[in-house]
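Q: Got a sequence here, can you model it:
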Amino acid sequence: MTIDWQLLGFGDEGWGGVLLNAATVTVTVSLCAWLLGAMLGSILCWMQIGGARWQQRLANGYITLFRGVPELLVIYLFYFGGRQVVSFIGEGLGMQGPFDVNGFVAGAIAIGLISGAYQSGVFRGAFYAIPKGTLEAATVTGMGRLMLFRRMIVPQALHTALPGMGNQWQSVIKESALVSVTGLVETMNQISTASNSTQMPFFFYSVGAVIYLIITTCSDFVFRYVEKVAMRGQQRARL
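A: Alright, predicted model coming up:
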């Protein structure tokens, strides 16, 4: 099998520029989903640890739901089911269609909701890793709940949670490939298009694997660097 490497060029006949743009979309939708998951995860963690009983039950139900339902099904519900909901609301308001749901928004929200269920466990474990004596000493010195959260809980818990957050970022990157079902022109979508157009599926799907590997490897280096910086800051604080 002869491979024409010019297919990966950045000219008019090459797919290089298109794949680069698609990889950018992949990183962007993954970042939005991961940040949404981090916000939801912190809220769910607070509900489980310090919330009322109904809040704890609500958080546990949310986590059970989004951990138990396949990611692809959640994306389908938000994209295709969202179309029906938007159409129903629009028609009820007397608006004329067609009504559509943005694939980027639907995919980022769906993956973010799933990531939030997992990141809540990361944050909860990080909170329980804080020595009780540290929190008790801070309380005795007169720290209020807000100051205690800002100066003691967040710095120490975040340092412990960084590895788990990095793992969740890697998972979100891989789950972003499922967003291609919404028609969003991201890496997997563009790889499939190139494969069908050139009749070279093995070559282009291999290229897709390399693209995802580059993204996850670079991300791993970034998180390791952040962990080292956080470790240095913690060591200085102890001194």
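
Q: Quick check: chain neighbours aside, which residue is closest to residue 198?
A: Leaving out its chain neighbours, the residue that sits closest to residue 198 by CB to CB, 6 or more residues apart in numbering is residue 7, at 6.5 Å. In short, each C-beta sits where N, CA and C put it, glycine included.

Q: For that neighbour, list the residues it contacts.
A: By CB atoms under 8 Å, 6 or more residues apart in numbering, residue 7 lies in contact with 13-15, 194, 198, 200, 203.

Q: residues making contact with the helix or strand of the chain with the lowest mean pLDDT?
A: Sorting the helices and strands of the chain by mean pLDDT, DSSP states H and E puts helix 145-148 at the bottom, at a mean of 74. Outside helix 145-148, the residues that touch it by CB under 8 Å, 6+ apart are 135, 138-139.

Q: Just send the residues you listed back as JSON lines, with neighbour count, pLDDT and secondary structure too.
A: As requested, the contacts of helix 145-148 are exported to JSON lines (neighbours: other CB atoms under 10 Å; pLDDT from 0 to 100; DSSP: H, G, I helix; E, B strand; the rest coil):
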{"residue": "135", "neighbour count": "16", "pLDDT": "74", "secondary structure": "helix"}
{"residue": "138", "neighbour count": "16", "pLDDT": "72", "secondary structure": "helix"}
{"residue": "139", "neighbour count": "13", "pLDDT": "76", "secondary structure": "helix"}
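
Q: Reformat these into CSV and put distance to residue 190 next to each item.
A: Formatted as CSV, the contacts of helix 145-148 follow (distance: CB to CB, whole Å):
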residue, distance to residue 190
135, 49
138, 51
139, 54
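
Q: Please look at residue 175 and residue 71 and confirm they touch.
A: Yes. Judged on CB atoms under 8 Å, residue 175 makes contact with residue 71 at a distance of 5.3 Å.

Q: Residue 165 touches residue 38, doesn't it?
A: Yes. Applying CB under 8 Å, one finds residue 165 in contact with residue 38, separated by 7.0 Å.

Q: Name the residues contacting each of those two.
A: Contacts common to residue 165 and residue 38, judged by CB under 8 Å, 6+ apart, are residue 119.

Q: so where's this structure shaky on pLDDT?
A: The model of the chain has pLDDT under 70 over residues 1-4, 97-98, 232-239.

Q: Scan it for its longest helix.
A: For the chain, the helix that runs over the most residues, judged by DSSP state H, is helix 201-238.

Q: Got the phi and psi for the residue nearest the centre of the chain?
A: Central residue of the chain (CA atoms, centre = their mean): residue 34, 2.6 Å from the mean position. Dihedral pair for residue 34: phi -70, psi -40, per degrees, to the nearest 10.

Q: which non-adjacent residue is nearest it?
A: Among residues not flanking residue 34 along the chain, residue 172 sits closest, at 4.7 Å (CB to CB, 6+ apart).
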